[in-house]
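**Q** quick check, what structure comes out for this input:
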Amino acid sequence: MNEKQREAVILADHLVGNLYMDLSAVPLIAGMLQPRAMPDTPAADVYNVMCELFRNPEVRLSAGSVEAELKQRDFNFDYIGNLQKRIILDDISVLYGYAQKISDAFALREVDRLAGAAQALARSGTEGAATITANLTRELSMMDEGSGGFVSIGDTVGEAIDEVEAWRRGELIDGIKTGFTNLDKIVSLRNGEFIVVAARPSMGKSAFAFQIAYKVAAELKAQNKPGCVAIFSAEMNKRSVAHRISAAIASVNDHRLRERIASAQEYADKQRGLEHLRTLPIEIDDDSSPTTEEIFYRASMLHVKKPIRLLIFDFMEMGGNRERSEELRISRIAKDLKNIAKFLNIPVMALSQLNRDIEKRASKMPALADLRYSGNIEAVSDVVLFLLRPEYYIKRGDTQVFRMAGKDREHAEGVAYAIVAKHRNGPVGTVPLAFIERYAKFGNLAC
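**A** Prediction:
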């Protein structure tokens, strides 16, 4: 037991002795000191009973109810008698100080416990270093989240006023721009937010996300700002990602290059696109099925060296997490990705497939209910954006007339729709984008 832990034992006695004499202070202390943070002493048993009774709406917190509950647990009341003889009543501000020091000592015990568990796993060799480190980092971050509490609205409003003034002066940008002019009027890539881009196959999810990755990275380079874009590609290897991005940059068709039917100019343009891509701050991890723990670990390590400005996971259903059911697995992936966004304070974009129900409907307009396990993903996400290319269905012989954004079927050729179906901190809406199929390239389109 170190000095802080010994101090916590003494302070726990003083705290509980004061609370026993003045139970009206229990609600004030219970809001900042969890019962599990108390050291393993009789004081912890008494404090736990006090907190349980306080939180029980059917029982009145009183000296009688505390005593009755302790008797049921065969508590040794000699401890209470000795405590009352040596404890002097302290002011509530002093009790707050006791509670804070007890919490700090508990945090140190938890760090020691977690570090010991990680060390035992490392020595056993049953888990990889990435998994052990990721789990340790996540547990430590959860400790930090659990130590939070209420903050005065006055302090919060002060910060909000400063933010509004920064907006007025143009010193604070509300998120990173996607690079698609009309879409930027509705949504941006904000730190701490989890963005889901969902569509049926062949709608261009990866192309859309990679173009945003390119635009963000190019802007970082142009403004000589530190940072990078991190891409976790569970679907494509890193060369395929490089080819996909460079093809859009150069406006070339890779199929023509592979089949050797492209012109000399097309090969030259592709080479220039790749050389330009080489200079951009984009980092790619092409592990075929990374768990969210591994993503968290690798992203955290990268973030220390190069601040991540945008993280993209392509795609969510291919995460390697193991759960009892597919619904729980997807829910866990979504929640963990949101936590990564919050913990690293970065925008996280995950790609996801819509379920097949949309193919059975006359209208192919996506809805939130079309998300796989929609309730879980929708609840966790800050932004849900659907992609739809009516041209894809028209070429398959679908005779349904698409009426979106006031346009008819003819307008569907060469047009994609970005549909912001959920936006926790802004408006929703449908934005038409240009789509050049032979290059799998999105672009701006006049509304």
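
**Q** which residues touch stretch 23-35?
**A** 15, 18-19, 44, 47-48, 50-51, 54-55, 61-63, 66, 92, 95-96, 99-100, 102-103, 146, 149-150 (C-beta atoms under 8 Å, 6 or more residues apart in numbering). Every residue, glycine included, has its C-beta placed from N, CA and C.

**Q** buried set for that stretch?
**A** Residues of stretch 23-35 classed as buried by neighbour count (16 or more other C-beta atoms under 10 Å): 23, 25-26, 29-30, 32-34.

**Q** how long is that stretch end to end?
**A** When the termini of stretch 23-35 are compared using C-alpha to C-alpha, to the nearest Å, they are 16 Å apart.

**Q** which parts of stretch 192-208 are buried?
**A** Neighbour counts using 16+ other C-beta under 10 Å place 193-200, 203-208 of stretch 192-208 among the buried residues.

**Q** okay, and which of those residues map to helices?
**A** Assigned to helices by DSSP state H, the following of the buried residues of stretch 192-208 qualify: 205-208.

**Q** one step back: the contacts of stretch 23-35, buried ones only, as a PyMOL selection?
**A** In PyMOL, the members of these classed as buried (16+ other C-beta under 10 Å) are selected with the following command:
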select buried, resi 15+18+19+44+47+48+50+51+54+61+66+95+96+99+102+103
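
**Q** among the contacts of stretch 23-35, which ones are in helices?
**A** Under the assignment DSSP H, the contacts of stretch 23-35 contribute 15, 18-19, 44, 47-48, 50-51, 54-55, 63, 66, 92, 95-96, 99-100, 102-103, 146 to helices.

**Q** show the subsequent helix or strand relative to the lowest-mean-pLDDT helix or strand in the chain.
**A** Averaged element by element with mean pLDDT, DSSP states H and E, the chain has its least confident helix or strand at helix 129-146 (a mean of 67). Downstream of helix 129-146, the next assigned helix or strand under DSSP states H and E is helix 153-169.

**Q** strands of the chain, start to end?
**A** 194-199, 228-233, 282-285, 308-314, 348-353, 383-388, 415-423, 429-436, 441-443 (DSSP state E).

**Q** pipe those strands into a markdown table and attach mean pLDDT and distance to residue 176 per row.
**A** As requested, the strands of the chain are exported to a markdown table (pLDDT from 0 to 100; distance: least, C-beta to C-beta, whole Å):
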| stretch | mean pLDDT | distance to residue 176 |
| --- | --- | --- |
| strand 194-199 | 95 | 11 |
| strand 228-233 | 95 | 10 |
| strand 282-285 | 94 | 14 |
| strand 308-314 | 95 | 6 |
| strand 348-353 | 94 | 11 |
| strand 383-388 | 95 | 13 |
| strand 415-423 | 93 | 15 |
| strand 429-436 | 91 | 17 |
| strand 441-443 | 90 | 17 |
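
**Q** export those as JSON lines, with columns for distance to residue 212.
**A** Formatted as JSON lines, the entries for the strands of the chain read as follows, by distance: least, C-beta to C-beta, whole Å:
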{"stretch": "strand 194-199", "distance to residue 212": "9"}
{"stretch": "strand 228-233", "distance to residue 212": "9"}
{"stretch": "strand 282-285", "distance to residue 212": "11"}
{"stretch": "strand 308-314", "distance to residue 212": "7"}
{"stretch": "strand 348-353", "distance to residue 212": "7"}
{"stretch": "strand 383-388", "distance to residue 212": "11"}
{"stretch": "strand 415-423", "distance to residue 212": "11"}
{"stretch": "strand 429-436", "distance to residue 212": "12"}
{"stretch": "strand 441-443", "distance to residue 212": "9"}
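
**Q** so which of those strands gets nearest residue 127?
**A** strand 282-285 (19.4 Å; C-beta to C-beta).

**Q** residues making contact with the closest one?
**A** 213-214, 217, 228-233, 238, 241-242, 245, 298, 302, 306.

**Q** okay, now the sheet partners of that strand, with direction.
**A** strand 228-233 (parallel) (DSSP bridges).

**Q** pull the residues that contact the strand it pairs with.
**A** Under the criterion C-beta under 8 Å, 6+ apart, external residues in contact with strand 228-233 comprise 210, 213, 216-217, 220, 240-241, 281-287, 290, 295, 298-299, 302, 306-314.

**Q** wait, which of the ones in helices among the buried residues of stretch 192-208 is closest to residue 264?
**A** Using C-beta to C-beta, the shortest approach to residue 264 within these belongs to residue 207, at 25.6 Å.

**Q** verify the stated contact: that closest one with residue 436.
**A** No: at 10.1 Å, residue 207 and residue 436 do not qualify as touching, with contact defined as C-beta atoms under 8 Å.

**Q** would you turn the ones in helices among the buried residues of stretch 192-208 into JSON lines with distance to residue 339?
**A** JSON lines is the format used below for those (distance: C-beta to C-beta, whole Å):
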{"residue": "205", "distance to residue 339": "23"}
{"residue": "206", "distance to residue 339": "24"}
{"residue": "207", "distance to residue 339": "28"}
{"residue": "208", "distance to residue 339": "24"}
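
**Q** now flag whichever of those is closest to residue 168.
**A** Looking across those and measuring by C-beta to C-beta, the closest to residue 168 is residue 208, at 32.7 Å.
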